[in-house]
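> quick check, what structure comes out for this input:
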Amino acid sequence: MLLWITQRILQAIGVAFCMMVIVFFGLHAIGDPIQTLIPPEATFEDRARIIAELGLDQPIHLQFLYFVKGVLQGNLGNSYVFNEPAMDLIIERFPATLELAFCAVALSVVIGLPLGMIAGNRPDSTLSKIIMNGSILGFSLPLFWVAILLILVFGVTLGWLPSSGRGETVEVFGIRWSFLTLDGLRHIALPAFSLALFNIAMVLRLTEAGVREAKSSEYVKFARAKGLSPRRILLVHVLKNVLIPVVTVVGLDLGSTIAFSVVTETVFAWPGVGKIIIDSIAALDRPVIVSYLMLVVLLFVFINMVVDILYRVLDPRIALTEN
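Numbers count the residues shown, from 1 in each chain. Next up, the predicted model:
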């Protein structure tokens, strides 16, 4: 176990370093922040002073070395636009993004898993066909269009749910959360469902395929021969094996949901990192963009490690010493 964890940590360090290289040189290739930060009427002396203050007068290899040093020290520099530590700006807003992503993933499991079990258990029934045909919508509908439609129906026409903001929050361990209050749950319902729709369809179809495959396996036939009830076979023997691929997909979806929640946050005016990232991209605010991307990379690496552990817990046949 210790050897396996050590291998995963070393792999994580390698992935993080490769991402540092890609992120740093990629951002330097797409544009010059000086063009947006310095007004055209600025004098040559002012221009040179600002460039020196930002460290952009150094050769690119030295800038990269300073960048790596800052990452190791937990300091990714100050935002060009907000003149505050870039990582502080991201961390201040990140709990809201994290909360939205976790709620969306939870919805995908709570809705997608039971519907997939129902569809896979009786694939020829009318209900199963309705569920599977409806899941196509989750893959087909554009995220921003679904978000606008939800606001129009439930926020404007019916007036059941608020369409913007985070609502009332409570502080737990120094971090404010909205899902712990009724008003917060009302505010998070629409953006979480909008963000979860694609994942619901994916979990549903993955579960349905897993149930159909598991029901024709030898261990299920043996369980039937022992006289176990269909309910026990489905909820114990079939479900445990279906969960193995579902856990893997859901774990990866969590990282993707966090990374790509920007559109949903923008449409619903959710106070996460979405708005600040869009503003930073427009202004080429490199420290803020890098801080966000590095945080997402570390989350991806951590989530993958947790998924690997859960994968082996659910299926003991997989040796912990595997590469």
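> identify each of the helices in the stretch 101-250 of the chain and give its residue range.
126-140, 143-150, 182-215, 218-225, 230-232, 239-259 (DSSP state H, counting those that start in this stretch).
> OK, contacts around the residue lying closest to Ile148 once chain neighbours are set aside?
Leaving aside its sequence neighbours, Ile148 sits nearest to Val267 (C-beta to C-beta, 6 or more residues apart in numbering; 6.6 Å). To be clear about C-beta, it is placed using only N, CA and C from the backbone, and glycine gets the same treatment. By C-beta atoms under 8 Å, 6 or more residues apart in numbering, Val267 lies in contact with 144, 147-148, 151, 191, 194.
> quick one: buried ones out of those?
Among these, the ones that count as buried by 16 or more other C-beta atoms under 10 Å are 147, 151, 191, 194.
> and of the residues you listed, the nearest to Ile131?
Checking those against Ile131 with C-beta to C-beta, the nearest one is Ser194 at 20.0 Å.
> which residue packs closest to the closest one, ignoring adjacent ones?
Spatial nearest neighbour of Ser194, chain neighbours left out: Ala147 (4.4 Å); criterion: C-beta to C-beta, 6+ apart.
> tell me the pLDDT at that neighbour?
At Ala147, the model reports a pLDDT of 88.
> try Thr321
At Thr321, the model reports a pLDDT of 46.
> got it, and Trp270?
You'll see Trp270 listed with a pLDDT of 87.
> next one: Phe82
Note for Phe82: predicted pLDDT of 78.
> show me the shaky parts of the chain.
1, 30-40, 42, 54, 311-323 (pLDDT under 70).
> got the contact list for stretch 132-146?
So stretch 132-146 is contacted by 115, 119, 194-195, 197-202, 204-205, 208, 263-264, 267 (C-beta under 8 Å, 6+ apart).
> next one: stretch 228-239
Contacts for stretch 228-239 (C-beta under 8 Å, 6+ apart): 117, 121, 211, 214-215, 219-220, 223-224.
> stretch 292-312 too?
Residues from elsewhere that reach stretch 292-312, judged by C-beta under 8 Å, 6+ apart: 5, 8, 12, 15-16, 19-20, 23, 71, 76, 87, 90-91, 94, 244, 247-248, 251-252, 254-255, 258-259, 273, 277, 280, 318, 320.
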